[in-house]
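> what follows is a predicted protein model with its sequence.
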Amino acid sequence: MSERPPAAPGEAPAATGPIEAGQAAWAKPAGTLVGRLVNNYELKTLIGEGGQGSVYLAQHPFIGRKTAVKVMRRSFAEDDVLVARFMNEALAANAIGHPNIIDIIDVGRLDDGLPYLMMEYLEGETLAARLRREGKLSLDAGLALLEQAAAAIGAAHDKGIVHRDLKPENFFLVKDGNGAERLKVLDFGIAKLRRDFAPNKIETDGALFGTPLYMSPEQCRGMAGEADARSDVYALGTIVYRVVARRRRRNNERRPTHACRAGVPPCPTVRVTSASFA
């Protein structure tokens with residue numbers, strides 16, 4: 001596992017495990033859960049922190065299997081709406097069941113009531129970290145990865161699930177058994193689920209859900225409840241633009257929320273003349 005690379009303007013640190021990468025509120029928790037047991041898995045070390053919780057590397061003491069356990073912050077654990085969104089991630093990921101979506105193994109509460117998700121442990125880096133580290137991707141490599149993302153999101157849409165927070169920080173790159181690179185879509189925590197998956201509707205009207213640099217116009221207007229599959233297609237298009245053009249759609253990177261509220265300008269035209277960038 002490598003250290004997190006420094007964040008670019010307008011971004012949070014990249015993940016080195018399956019965490020809520022890119023969230024704005026990064027802060028060290030008051031306490032640690034290292035040493036606790038979660039369904040026979042021992043929490044070994046803290047590997048990431050997000051706006052709503054912390055992620056630990058966990059390992060089974062007998063078979064040695066590693067997992068990642070995301071534990072919600074105590075300050076949020078009494079909020080029924082936030083807990084429902086937290087649990088939505090497990091509902092969404094397992095309802096889709098796609099190889100390019102992170103696998104949620106277990107969900108529940110610790111002995112002290114803190115909600116947790118147990119996920120497959122991923123070793124690699126986010127697409128955001130790759131772009132910061134390498135500065136560019138070949139067109140063929142970039143589009144091959146994004147084709148996997150499109151397949152995963154298409155499978156989600158077939159199940160009536162809208163992610164609503166697609167961004168390079170939520171695309172995690174790992175090596176498969178043959179050495180090929182596989183993309184995993186993370187963080188369905190604010191996904192919009194079909195009612196038969198999540199019968200208790202979580203109110204979203206008037207709220208801004210997503211990451212401003214990649215939010216669709218309806219999300220920017222606080223109409224997250226009206227977001228549908230087209231919102232994800234819009235976000236994926238902005239990510240394709242970033243990979244192909246090597247720049248973001250908006251110029252106001254340091255104050256992305258203001259840029260979102262100001263309106264959503266069209267992407268400038270990009271001409272691609274070869275399979276890799278000079």
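Cool, got the structure.

> surely residue 96 meets residue 155?
Yes: with contact defined as CB atoms under 8 Å, residue 96 reaches residue 155; the gap is 5.3 Å. For glycine as for every other residue, the C-beta is placed from the backbone atoms N, C-alpha and C.

> compare those two (neighbour count), which wins?
Neighbour count, other CB atoms under 10 Å: between residue 96 and residue 155, residue 96 has more, with 23 against 18.

> residue contacts, that one?
152, 155-156, 159, 161 (CB atoms under 8 Å, 6 or more residues apart in numbering).

> so of the residues you listed, which ones are in strands?
Using DSSP state E, no member of these falls within strands.

> now those as a markdown table including distance to residue 58 and pLDDT?
Conversion of those to a markdown table gives the following (distance: CB to CB, whole Å; pLDDT from 0 to 100):
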| residue | distance to residue 58 | pLDDT |
| --- | --- | --- |
| 152 | 25 | 95 |
| 155 | 27 | 95 |
| 156 | 26 | 93 |
| 159 | 28 | 90 |
| 161 | 27 | 90 |
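
> could I have the buried ones of those residues as PyMOL selection syntax?
Buried residues within the contacts of residue 96, by 16 or more other CB atoms under 10 Å, are selected in PyMOL with:
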select buried, resi 152+155+156+161
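
> of the contacts of residue 96, which belong to helices?
Cross-referencing the contacts of residue 96 against helices under DSSP state H gives 152, 155-156.

> can I get those residues in TSV with distance to residue 239?
Listed next are those as TSV, based on distance: CB to CB, whole Å:
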residue	distance to residue 239
152	13
155	17
156	15
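
> so which of these is the closest to residue 101?
Checking the ones in helices among the contacts of residue 96 against residue 101 with CB to CB, the nearest one is residue 152 at 5.0 Å.

> wait, that closest one sits on residue 100?
Yes: judged on CB under 8 Å, residue 152 makes contact with residue 100 at a distance of 3.7 Å.

> between the two, which contacts overlap?
Counting by CB under 8 Å, 6+ apart, the residues touching both residue 152 and residue 100 are 183, 185.

> for residue 35, which three-state class applies?
Under DSSP: H, G, I helix; E, B strand; the rest coil, residue 35 falls in the coil class.

> got it, and residue 234?
When classified by three-state DSSP, residue 234 comes out as helix.

> residues near the closest residue to it other than its chain neighbours, how many?
Excluding its sequence neighbours, the residue lying closest to residue 234 (CB to CB, 6 or more residues apart in numbering) is residue 216, at 4.1 Å. Per other CB under 10 Å, the neighbour tally for residue 216 reads 25.

> residue 179 too?
By the measure other CB under 10 Å, the count of residues near residue 179 is 6.

> which SSE is it in?
Taking DSSP states H and E as the definition, residue 179 sits outside all helices and strands.

> same check, this time on the one 5 residues further on
Taking DSSP H and E as the definition, residue 184 sits inside strand 181-185.

> show me what counts as buried in that strand.
Quick answer for strand 181-185 (16+ other CB under 10 Å): 182-185.

> nearest to residue 136, of those?
Set against residue 136, the nearest of these by CB to CB is residue 183 (17.4 Å).

> which parts of the stretch 1-150 of the chain are strands?
37-38, 41-49, 53-59, 66-72, 104-109, 115-120, 124-126 (DSSP state E, counting those that start in this stretch).

> which other helices and strands does the second one contact?
In this structure, strand 41-49 packs against strand 53-59, strand 66-72, with contacts taken as 3 or more CB pairs under 8 Å, 6 or more residues apart in numbering; DSSP states H and E.

> partners of that strand, with directions?
Note on strand 41-49: by DSSP bridges, its sheet partners are strand 37-38 (antiparallel), strand 53-59 (antiparallel).

> equivalent analysis for the last one, please.
Strand 124-126 has these partner strands in its sheet, going by DSSP bridges: strand 171-175 (antiparallel).

> repeat for the fourth one
The strands beside strand 66-72 in its sheet (DSSP bridges) come out as strand 53-59 (antiparallel), strand 115-120 (antiparallel).
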